[in-house]
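Peer 1: I would like to see how this sequence folds:
(chains A and B)
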Amino acid sequence: MTLDSPSTVSTTSRRGTATAATRVLGALTIVMIGWLGVFGLLLSPADRDQGDAVRIMYVHVPSVWLAYLAFIVTALASAVHLFGKSHSLQADRVAGASAEIGVVFMAVTLVTGMLWGRITWGVYWQWDARLTTTALLFISYIGYLAVRGLEGSRSQRARRSAIVGLLAVLEVPLVHWSVKLWRSLHQEATVLGTDLDVSLDGLMLFSLFVGVVAFTLLFLWLLLHRSRVLMMIDLSAETGLDAALAQRRAEGGVTP
Amino acid sequence: MSTPDLTPRPEQSPKRQRRRIMPMVVLALVVVAGGVVITQALSTAVDYYCNVDEVGKRSGCDTGRRLRIQGTVAEGTVVVATGATLFDIRFNGASMRVEYAGEPGGIFKECLPVVVHGVFDESSGMFLGDRVEVKHSEDYVAVNDDRLEEAEADSAACDSSA
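Peer 2: Here you go, the predicted structure:
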């Protein structure tokens, strides 16, 4: 097993996983999340029918956007690993890191959706098309993460999970279009609908935009750090074996 | 120099085994959870989803079976009686009287689309609902003075084709 760029790892391992670029990105993310709080809680108006419950939208929609983005990045990185000449393990690490982030934010989407549903629909959950396909998507990616941890060599596990990552992403368009394909309690798309007609108050739309930008920056920040952590884990496994052999030789009085 | 002891050490297996068994357990749980989700979705789908104007006309929307009916709560029809709420739902010009045993939750009010679960009662001509869900549309309108009049006008129109 070889790592793609051990020099990068040794550099980051001395300083943690942060670089100047990720620090700037992190600061930007915090600023944008602060703006999201201001717009979402203070500046944007309440909805005519839903009242203040509409503010859940500023977390719910960016969360599901982030989860979709994460699963698409997982698929792209899986394709790079599977079909690239070098079968890059760095691509595999990006795929794994992105899926982990996607699962977390899909959970956020489900929880905020249930709370929003209880307030507006009157029920936490309904087995309709959108909710059921979303639950299946969430479960599929937990399965993907489990596949990554199965027995096998590093390259075997990477190849196996890349195939699952490419198959699981096919559920994303199914979830998005489920409200069109079947009758659903869940509303149809307000922004990314087929008619491109945005039926959203101006300040609500801007708050939603701030949320999407903030969550996208958060995704990039988390992805960079988590990919580097996974690289360090791989490096630790590789150098750990060398260190163990050296220790054993030393115990036995054998000089390398 | 002493002879190096290079015989294999006893395998330190417990931690390693735990690490590899966990993914198998998670995968098994994923399969079970997926099965439960699909089963639940299919069993709920037994309650056929119909619009008011399709009841008794569209295949699957027969009055003798359990249904989910979608329509907009008609203006001026909501009556709260002891332990029950009565209201009309309309869709595409068709109307149906609903009796719901309880007080609907969510943001239930006139002119909003709802989905009512229940059965049609031939003797009273009413749909007896045991579950009401409010179906919010994809339109979001701010509550403020400038647009209140416009919003009220929209609401008064009580579009029943939602």
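
Peer 1: Quick check: phi and psi at residue B:80.
Peer 2: In terms of degrees, to the nearest 10, the main-chain angles of residue B:80 are phi -100, psi 110.

Peer 1: what's the longest helix seen in chain B packed up against?
Peer 2: In chain B, taking DSSP state H as the definition, the longest helix is helix B:13-44. With contacts taken as 3 or more Cβ pairs under 8 Å, 6 or more residues apart in numbering or on different chains; DSSP states H and E, helix B:13-44 sits against helix A:129-148. (Each C-beta comes from the backbone N, C-alpha and C, glycine too.)

Peer 1: tell me the mean pLDDT over the helix it packs on?
Peer 2: For helix A:129-148, mean pLDDT is 94.

Peer 1: and if you look at stretch A:212-224?
Peer 2: Mean pLDDT, stretch A:212-224: 97.

Peer 1: And stretch A:178-189, by the same measure?
Peer 2: In this model, stretch A:178-189 carries a mean pLDDT of 82.

Peer 1: rewinding a little: in the longest helix of chain B, which residues are buried?
Peer 2: Using 16 or more other Cβ atoms under 10 Å in any protein chain shown as the test for burial, helix B:13-44 gives B:23, B:26-27, B:30, B:33-34, B:37, B:41.

Peer 1: mind listing what the residue nearest the centre of chain A touches?
Peer 2: Chain A has residue A:102 as the residue nearest its centroid, 2.5 Å off, counting by Cα atoms, centre = their mean. Contacts for residue A:102 (Cβ atoms under 8 Å, 6 or more residues apart in numbering or on different chains) come out as A:66-71, A:74, A:141.

Peer 1: quick one: what helix or strand has it in it?
Peer 2: For residue A:102, the host element (DSSP states H and E) is helix A:89-120.

Peer 1: Look up how far residue A:209 lies from residue A:170.
Peer 2: Residue A:170 is 28 Å from residue A:209, where distance means Cβ to Cβ, to the nearest Å.

Peer 1: Oh, that last question was meant for residue B:94, not what I typed.
Peer 2: In terms of Cβ to Cβ, residue B:94 sits 40 Å off from residue A:209.

Peer 1: Likewise for residue A:119?
Peer 2: 23 Å.

Peer 1: Pick out whichever of the two has more residues nearby.
Peer 2: Counted by other Cβ atoms under 10 Å in any protein chain shown, residue A:119 and residue A:209 do not tie: residue A:119 has more neighbours, with 19 against 15.

Peer 1: Mind pulling the model confidence for that one?
Peer 2: Looking at residue A:119, its pLDDT reads 92.

Peer 1: I'd guess residue B:50 is in a strand, am I close?
Peer 2: Yes: the assignment for residue B:50 is a strand, going by DSSP: H, G, I helix; E, B strand; the rest coil.

Peer 1: Tell me, what's the model's pLDDT at it?
Peer 2: On pLDDT, residue B:50 comes in at 88.

Peer 1: and it, what is it in contact with?
Peer 2: Contacts of residue B:50 were listed using Cβ under 8 Å, 6+ apart, and they are B:58, B:60-61, B:67-70.

Peer 1: how about TSV for the residues you listed, with neighbour count and pLDDT added?
Peer 2: Converted to TSV, those look like this (neighbours: other Cβ atoms under 10 Å in any protein chain shown; pLDDT from 0 to 100):
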residue	neighbour count	pLDDT
B:58	12	83
B:60	10	80
B:61	20	84
B:67	23	87
B:68	23	89
B:69	25	91
B:70	21	91
